[in-house]
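Engineer: missing the sequence, but the structure's below:
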């Protein structure tokens, strides 16, 4: 299970050393790494053992569906929904359709949300769960999330502030850092949505629109126009070189 149809966010490079900078006060940090799934979790209790169990459940659901569904792993376009698929996969189909990309574009964000919401059903009150740069977050306090954008001079200098009591997904795609496929040239596309599945898939789709052959400003404008057509997104931030553009209800903050 290796196919992804976006280039992972710059947060995933250099052994994800950015995780050393992440902090959320009283929350307890843990790490779950099973095959391609690499979770950094901060929660109001130690959840590592239970999170490992849930990740194994997720991967079993997904791997069995991939085996039984030719084309699912590598499709770059939405596929007809399989109503017999398990819940995780059903959500991936839905996000794929809404964003106009293949279902595996939602896998990292999907696993992050599936694990996070399962832990919340079992009593966890606050959690930040990051899977290779794609984040599911449920916090009582406000949060600031840095936007890393490769070699752009804006990288690490801009953040998104989420209000208190947020439960949402924040996912980033990049064409200039990472190893997965992107058809665009964006240094970063960061999407905020109530669904982490959708945020992940939409980041891929919008990133594909930051195309070569145009100026950075024209590319950003084009990508933001596409972002407006995807229902269910809270906000989108696109960085290409020295150009930053944003749409939706997203609060940008300067980071030191």
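Structural biologist: That came through, no problem. Since the model is a prediction, treat every value here as computed from it, not as a measurement.
Engineer: and the residue lying farthest from the centre of the chain, which of the three is it?
Structural biologist: What lies farthest from the middle of the chain is residue 213; by CA atoms, centre = their mean that is 26.8 Å. Following DSSP: H, G, I helix; E, B strand; the rest coil, residue 213 is assigned to coil.
Engineer: Same check on residue 29?
Structural biologist: Here residue 29 is strand, with the state taken from three-state DSSP.
Engineer: Now for it: which residues touch it?
Structural biologist: 40, 41, 42 (CB atoms under 8 Å, 6 or more residues apart in numbering). Every C-beta, even on glycine, is put in place using the N, C-alpha and C of the backbone.
Engineer: so which helix or strand takes in the second one?
Structural biologist: Going back to what we said before, that points to residue 41. Taking DSSP states H and E as the definition, residue 41 sits inside strand 37-43.
Engineer: Flag every buried residue along that strand.
Structural biologist: Under the neighbour-count criterion of 16 or more other CB atoms under 10 Å, strand 37-43 has 37, 38, 39, 40, 41, 42, 43 buried.
Engineer: Just the pLDDT for the residue farthest from the centre of the chain.
Structural biologist: With respect to pLDDT, residue 213 scores 71.
Engineer: Measure how buried residue 105 is and give me the count.
Structural biologist: For residue 105, the count of nearby residues is 34 (other CB atoms under 10 Å).
Engineer: Could you pull out the strands in the chain for me?
Structural biologist: For the chain, strands defined by DSSP state E occupy the ranges 28-34, 37-43, 127-131, 134-139, 143-147, 158-162, 166-173, 188-193, 233-240, 243-248, 251-254.
Engineer: mind checking which of those is nearest residue 114?
Structural biologist: Residue 114 sits nearest to strand 134-139 of all those, at 8.6 Å, using CB to CB.
Engineer: Describe which strands the closest one pairs with in its sheet and in which direction.
Structural biologist: Taking DSSP bridges as the criterion, strand 134-139 forms sheet pairs with strand 127-131 (antiparallel), strand 166-173 (antiparallel).
Engineer: now that strand against strand 143-147, angle please.
Structural biologist: 160 degrees (axes from the mean of the first three to the mean of the last three CA atoms, to 10 degrees).
Engineer: So for strand 134-139, mean pLDDT?
Structural biologist: 97.
Engineer: Next: stretch 157-174.
Structural biologist: 96.
Engineer: Where is the longest helix in this protein?
Structural biologist: helix 48-68 (DSSP state H).
Engineer: Packing partners of it?
Structural biologist: If you count contacts as 3 or more CB pairs under 8 Å, 6 or more residues apart in numbering; DSSP states H and E, helix 48-68 packs onto strand 28-34, strand 37-43, helix 87-99, helix 107-121.
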